[in-house]
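# fold the following, please.
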Amino acid sequence: MIEQLYPENPILLIDDEKNALRSYELALQSADMNNIISCVNGMQAREIVKSRNIELIVLDMMMPEVPGDELLEEFCCEYPEIPIIMVTCVNSPEKVVECIHHGAADYLVKPVDINKFLEKIRKCLDIKLMERESRRLQHHLLVADNREYSESFAPIITGSKSMRMIFSYCSSVARSKQPILITGETGVGKELFAKALHVESKCCGGLVTVNIAGLDDNMISDTLFGHVRGAFTGAMTDRSGFVEKARNGTLFIDEIGDLNMASQIKLLRLLQEREYLQLGSDEVKQSSARVILATHRDLYELQRDKKFRKDLYYRISTHHISIPPLRSRIDDIVLLLDFFITAAAKELNKKPPPYPAELITLLKSYHFPGNIRELEAMVYDAVSSHESRMLSTKVFAAHIRRNSQNYPDAPGECHDLNNCLMKLPSLPDLKTLDRVLIREAMRRSGGNQSIAAGILGITPQALSARLKKAVP
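Have a look, this model is predicted:
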């Protein structure tokens, strides 16, 4: 397997002391930064910068032949896009101000503290990455309507413009080392987006998926980080966690809204420092996995209730993908219906049955609290019991009627009918309310009285009688 290089372009280390260079190299490699070039003089450095795209330069101030401050001015003038961290033996405010004045992004004082060295390297790389991603995003958004999307998004069935914009955003951030947060209601396809992001990222490692819903802190720690022998009763051997299994790949953590506070702190350390501890061990391990997280829960509400840390939220939402519910893209219902009918018929060894036009009207009138997953279940149920020439709407209608009774308030701006009524300055009389409900049901059903009656929870005969009495 070909090792993936990080960062995208090499880090250039310039120092005439070979021991210092070796120390920097080992520190970077321990932090999974393996795209490194080292050189011992300014003349060699000039040739490298001229011939290669460089991500970041670490430059020693005191060097023979060409002094570091001369190289700093030269590189900042000719290659202003390359951040430069100066290394100096003199710890004085004047020297720091001089370095920054000439264009240095940051500075270090010898003997170099390796932790500070890595911290400053990461900071510069993060800023460079965000700038690059911002440019990519602007480009993708400009061409989103006309571009052809890669095979990564093929499993996501849609013709929606809003979804195409999301594809474009996904493509622009897919190679980011920063966490990606995917939010959306249950059943919208968050895992499909995680898979697409992984394929788009070109990671050389695999995709590892873990759902942490219902797990306590110890179970989450063991699942993510693993344990060493003797960590707890029954721990007979060492076991690697999912973080290690996702090395150089993607770790997809689903249902992060269920994390307790203790687990949130551990996850924050993993994302912020790329460090973790196995259960029963005090040896700090480094993670090279890029992390995608998902939840159907409202993280703002959890923060307000002090059930989710604000610092963790800000850390995981560097890139945020919000997937719209099915009712917000009802034109996709036809595409999805055709896809699921074909898939179900193939699995059940049947011929894909045709369906009546009124089925589309029926489905478009429904709010789909379970989204695409719910539609898929309805289709498989209908196709499995199908025996006539035309696919019957009875299974769909029965499901919608049953769920409309269990979940009478469709998700949306008004989650609670009482709240909606409380916002009205005065209540309508029953005749007016009856007329408004019937009119809205007929609109949603496309004029189909049978479907409208199902929406209202009455028989078609009762609806017909009410329509005759209704005042135009």
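# contacts and neighbour counts: CA atoms only from here.
OK.
# how about residues contacting stretch 58-73?
Residues from elsewhere that reach stretch 58-73, judged by Cα atoms under 8 Å, 6 or more residues apart in numbering: 11-16, 41-43, 84-89, 99, 102-104.
# just the buried ones from those residues?
Buried members of the contacts of stretch 58-73, counted by 16 or more other Cα atoms under 10 Å: 11-16, 41-42, 84-88, 99, 103-104.
# in strands, which of those residues fall?
11, 12, 13, 14, 84, 85, 86, 87, 88 (DSSP state E).
# lowest pLDDT pick from those residues?
Lowest pLDDT within these is found at residue 88 (87).
# isn't that one right up against residue 108?
Yes: taking Cα atoms under 8 Å as the definition, residue 88 is a contact partner of residue 108 at 6.3 Å.
# name the nearest of the buried ones among the contacts of stretch 58-73 relative to residue 51.
residue 12 (12.4 Å; Cα to Cα).
# bridging residues for the closest one?
Residue 12 has these beta-bridge partners by DSSP bridges: residue 37, residue 57.
# could you list the domains of the protein?
Following automatic domain parsing, one finds the domains of the chain at 11-131, 144-324, 327-469.
# which stretches of the stretch 1-150 of the chain aren't confidently modelled?
Scanning the stretch 1-150 of the chain for pLDDT under 70 picks out 1-3, 133-150.
# and the domains of the chain: which comes nearest residue 4?
When the domains of the chain are compared by Cα to Cα, domain 144-324 sits nearest residue 4, at 6.0 Å.
# what's the helix or strand containing residue 438 in contact with?
For residue 438, the host element (DSSP states H and E) is helix 430-444. For helix 430-444, the surrounding residues in contact (Cα under 8 Å, 6+ apart) are 361, 364, 365, 448, 449, 452, 453, 455, 456, 467, 470, 471.
# go with 6 Å
Here helix 430-444 makes contact (Cα atoms under 6 Å, 6 or more residues apart in numbering) with 365, 452.
# weakest of the domains of the chain in terms of mean pLDDT?
Minimum mean pLDDT among the domains of the chain: domain 327-469, a mean of 81.
# tell me, how many residues neighbour the closest residue to residue 90 other than its chain neighbours?
Nearest residue to residue 90 in three dimensions, chain neighbours excluded: residue 109, at 6.8 Å (Cα to Cα, 6 or more residues apart in numbering). Residue 109 has 17 neighbours, counted by other Cα atoms under 10 Å.
# cool, and residue 110?
12.
# which ones are touching it?
When contacts are counted by Cα under 6 Å, 6+ apart, residue 110 touches residue 89.
# from residue 62, how far out is it?
For residue 110, the distance to residue 62 equals 11 Å [Cα to Cα, to the nearest Å].
# and residue 229, which of the three is it?
Here residue 229 is recorded as coil under DSSP: H, G, I helix; E, B strand; the rest coil.
# roughly how far does it sit from residue 7?
35 Å.
# of these two, which one has the most company?
Higher neighbour count among residue 229 and residue 7: residue 7, with 18 against 15, using other Cα under 10 Å.
# ramachandran coordinates for the more buried one?
Backbone geometry at residue 7, expressed as degrees, to the nearest 10, gives phi -70, psi -180.
# any idea how far it lies from residue 44?
Remark: distance between residue 7 and residue 44 (Cα to Cα) = 21 Å.
# cool, and residue 372?
From residue 372 to residue 44 the distance is 58 Å (Cα to Cα).
# higher neighbour count, those two?
Between residue 372 and residue 44, residue 372 has the larger neighbour count (other Cα under 10 Å), namely 22 against 12.
# give the contact list for that one.
187, 188.
# how about it, secondary structure?
Per three-state DSSP, residue 372 ends up helix.
# distance of residue 372 relative to residue 399?
For residue 372, the distance to residue 399 - Cα to Cα - is 14 Å.
# tell me the secondary structure at the residue nearest to residue 55 when sequence neighbours are not counted.
Using Cα to Cα, 6+ apart and skipping the chain neighbours, the partner closest in space to residue 55 is residue 9 (4.9 Å). Going by three-state DSSP, the secondary structure assigned to residue 9 is coil.
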